[in-house]
Structure formats: structure tokens, C-alpha cells
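Novice: Structure for the following, please:
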Amino acid sequence: MTTTLPLMPKATAVWLVENTSLSFEQIADFCKLHPLEVKGIADGDVAQGIKGLDPITTSQLTRDEIGKGEADSNYRLLLLTPKVEVPEPKAKKGPRYTPVSKRQDRPNAILWLVRNHPELKDSQIMRLVGTTKSTIESVRGRTHWNAQNLQPLDPVTLGLCSQTDLDHEVRRAAKEKPVPQERGATLLPASETTARAEAAAAAAAASAPPEPFAKEPPKKKEKEAPIDVEAVFAKLGGAKKGE
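Specialist: The predicted model follows:
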């Protein structure tokens, strides 16, 4: 059995029914259809209006391969390997589809994400909830038409996204916007501490109550001249002679 489908299976089956003597089972196996569907094509009940496609001109079968099948009803046709491999189209990632019954919950989910994960970008919220940028801005700016009745609800609980998707977007946002770490206590420079001390002293002086009477500074004692003992005795001696 072939592992790939022929080009336009029903149109190819129409051509094989009309132009070969292959059995319904052989055509059904090659085109990956049900034998009763191939019988319906032969009877004109199925694929009405479909023009047959020649598998020989499209390089899907050869005359010899068809001849082997016509000679042996148990033989299964083999699809030719295409000369040019056409890559399968990759599905584009569009906005997440939200069921109609849950679309009314999207503003509540947006409000929850804006409050609990402010680090998320609008594009990430759009992927999680399947909304538009204008709706996110209206909910964030409280300009939504139903802003007064909105309540923050977890989008995972509402079924709008999975916990895995939410955790993935939060981790991505954390890597792009790391949380600033608090620095430990360090010694202040001497200039700053001196300025603070001077400011504190000035504030204390300004707040202190004024003294009622200013005290006079103490007077300095005058230095006494040294006593001359001989002069004193000389005076005493002169006084006795005069008596």
C-alpha cells in the first residue's frame, strides 16, 4: 500500500473507472477511498460533475503499472515517487480561538492578567486570551464599556488558556524584564555623614529654648606681685628705730 495520497483522489478515481478495467477494490486502495464510494462513482451516484484526472500525465502511475493491475485483481497499484518534493505548508499561528460562550469572560481575564502579571506584554496577553490590543488598552485604562462590572478572574479557571501556556509566557516576560535585586547595606561616604551630622546639630540648636539671662563670662583673676620679704623686714626695722 502507498503511504501518500495521489493528487486529487476522487478525480483520479473517476478517470480510472472510466478508462481502465481495474476492480473497485484496486481503485479504492490506490485513491484511499471506500470501495462502495468507487462503486457509486461507477454508477454515477457519486462525484457527479467531477472531471477525471489522468494519473499517467501527472506522473502518478505508468501504463505498465495499470497493466499489472488489470492482469491481476489482487495486485495493488504503487504510486510513483514524485520527482520534486513539495514541502508541506506550515500552519500559521493565528490568534487563539475562543468559543462564543466564553468570549464575554475575556475582559475579566485581561483585568486579572494586568493586575497580577504587569510584566506581560500586550502580544502575550493576546496569545493567552485571544483578544485584541484595543480591548487590552480599554481594560487597562478603565475605558471599557463594561469597566464598572469587570472582575479579575483567572483565565485558567475560565478555560481561556492552560496553566502551562500561562507559566510559559510569565517565564518569558521575566527573562526579558528581570526584577531588580535589592542591594545590601553599605557604608556611606564621609562627606555625606558629615553633612548629615552638621544638619542634625543645626536642627537641634534651632529647636532648643533660649536661655532667660545670659551669663557673664567669668573674670580672670589678676596675678598678684610676689612679696619681697627683705623689704618688709627693712620697713619694720626702720619703724623701731624711730620710736
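Novice: quick one, domains of this structure?
Specialist: Following automatic domain parsing, one gets these domains for the chain: 9-71, 101-175.
Novice: can those domains go into JSON lines with extra columns for mean neighbour count, distance to Leu77 and mean pLDDT?
Specialist: Every residue, glycine included, has its C-beta placed from N, CA and C. As requested, the domains of the chain are exported to JSON lines (neighbours: other C-beta atoms under 10 Å; distance: least, C-beta to C-beta, whole Å; pLDDT from 0 to 100):
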{"stretch": "domain 9-71", "mean neighbour count": "17", "distance to Leu77": "4", "mean pLDDT": "89"}
{"stretch": "domain 101-175", "mean neighbour count": "16", "distance to Leu77": "45", "mean pLDDT": "89"}
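Novice: possible to save the ones you listed as TSV with distance to Leu78?
Specialist: As requested, the domains of the chain are arranged in TSV below (distance: least, C-beta to C-beta, whole Å):
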stretch	distance to Leu78
domain 9-71	6
domain 101-175	43
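Novice: check which helix or strand covers the nearest residue to Glu37 once chain neighbours are set aside.
Specialist: Counting by C-beta to C-beta, 6 or more residues apart in numbering, Glu37 lies nearest to Val46, which is 5.7 Å off, once chain neighbours are set aside. Under DSSP states H and E, no helix or strand contains Val46.
Novice: distance of Val46 from Phe24?
Specialist: Val46 sits 12 Å away from Phe24, going by C-beta to C-beta, to the nearest Å.
Novice: Over to Ile41?
Specialist: Separation of Ile41 from Phe24 (C-beta to C-beta) stands at 9 Å.
Novice: what's the answer for Glu65, then?
Specialist: Between Glu65 and Phe24 the distance, using C-beta to C-beta, works out to 18 Å.
Novice: Please report the number of neighbouring residues for Pro6.
Specialist: The criterion is other C-beta atoms under 10 Å. On that basis, Pro6 has 21 neighbouring residues.
Novice: Read off the pLDDT value for it.
Specialist: According to the predicted model, the pLDDT of Pro6 comes to 82.
Novice: which ones are touching it?
Specialist: Thr12, Phe30, Cys31, Pro55, Gln60, Leu79 (C-beta atoms under 8 Å, 6 or more residues apart in numbering).
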